Structure formats: structure tokens, C-alpha cells
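Q: Would you be able to build a 3D model of this:
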Amino acid sequence: MSVLVVVPCSRRKIWDRVKNAPVRVRARDAYVGPLTRLAIRYAESRGYPYVILSGKYGFLHPWEEIENYDQRLRLNRQFILLLQRQVYVKRLYRYYKVLCLCPGRTYTTATKLAFLNTGIQVECPLEGLDYIKAMKELSKMLSVE
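A: Next comes the predicted model:
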């Protein structure tokens, strides 16, 4: 048992930067936004497993391949049910704690609702922070050993 980190997706993706990027790319490599990259670096530097929370795909393991899309995360019943199903299908219930590194309340609320009936503790240290403050706080967390 370990900590599971939830990383936010980003609007910026590899297809915006690399002209000849393949049609399908691993989720870990698809999202190129600075906050996403920093959150991935945090999880990987500590050896924590992580998933990326996508507005289209829900929870993505880093190795899952995705195609380019432009869809914001919408908090609705259908999406929350998708996330709750994924908690079981992707065996995300095996962790004792979820560390959600998403500043947006939509993302933190979605994460909390996804794990609502699991008994798993969900912590959201960046919740409610604006982008700049979230980047600074995450950088601080990364520098602390």
C-alpha cells in the first residue's frame, strides 16, 4: 500500500508543440503544461504511482495511450460515475491515501467524489490556489525531501 498521486491534465499537449507527433501518445508524454510536468516530476521523484485526471478520459495511467482532444473537465453525474468505476477497474482503491496535486476545485471535487465511498484519505494541498501560487507551492513540495 502506498500513496497515489492525482496529476491534473493540461490544455497544452504534445501535438501543440511537435508537428510530427504520433496520433497516439502515452498520457505521461502527452500533457506538456508546466504544472502537469511538475506534478509528474513530484510523483516520479518520490516513487509514487500516479494517474492523470483528464476531462475526456478520466483517470489515466501514465502508460495509457491517448489521442489529441480539447475537452474541459465537467463535473456532472456521468463523469463522476466514470471516475468511480475507474477507481475499481483500474484498482486505484489499493492505496491508503490519494494526494491530489490539482489546484482547480473542479478537479479536487471530482477526485474527492471518485474516492468518496472507499475509505481512502484524499488530500488536496493545492486546492483553491491560483496557477502561479500552485506552481510555487508544488516547487516547494518538490524541494523538500
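
Q: How about the contacts made by the spatially most central residue of the chain?
A: For the chain, the residue nearest the mean C-alpha position is V7 (2.4 Å; Cα atoms, centre = their mean). Applying Cβ atoms under 8 Å, 6 or more residues apart in numbering to V7 gives the contacts 36, 39-40, 43, 50-53, 101-102. The C-beta positions use only the backbone N, C-alpha and C, and glycine is treated the same way.

Q: go with 6 Å
A: Contacts for V7 (Cβ atoms under 6 Å, 6 or more residues apart in numbering) come out as 39-40, 50, 52, 101.

Q: Could I get the full set of helices for this structure?
A: 14-17, 27-30, 34-45, 77-89, 105-114, 131-143 (DSSP state H).

Q: can you list the weak-confidence ranges in this protein?
A: Applying pLDDT under 70 to the chain picks out residues 1, 145.

Q: residue at max distance from the center of it?
A: Most peripheral residue of the chain (Cα atoms, centre = their mean): N20, 25.6 Å.

Q: Next, give phi and psi for that one.
A: phi -100, psi 30 (degrees, to the nearest 10).

Q: That one and L73: what is the separation?
A: Distance, N20 to L73, by Cβ to Cβ, to the nearest Å: 29 Å.

Q: now K133
A: 20 Å.

Q: Neighbour count for those two, which is higher?
A: For K133 versus L73, neighbours defined as other Cβ atoms under 10 Å are more numerous around L73 (19 against 12).

Q: what's the distance between that one and R91?
A: Taken as Cβ to Cβ, the span from L73 to R91 is 22 Å.

Q: Kindly report the same for T111.
A: Plainly put, T111 is 16 Å away from R91 if you go by Cβ to Cβ.

Q: I figured Q86 hits Y57, correct?
A: No - judged on Cβ atoms under 6 Å, Q86 makes no contact with Y57 at a distance of 9.1 Å.

Q: Ignoring the adjacent residues along the chain, who's closest to S45?
A: Closest residue to S45 apart from its sequence neighbours, by Cβ to Cβ, 6 or more residues apart in numbering: L142 at 6.8 Å.

Q: and what of E64?
A: Leaving aside its chain neighbours, E64 sits nearest to A27 (5.2 Å; criterion: Cβ to Cβ, 6+ apart).
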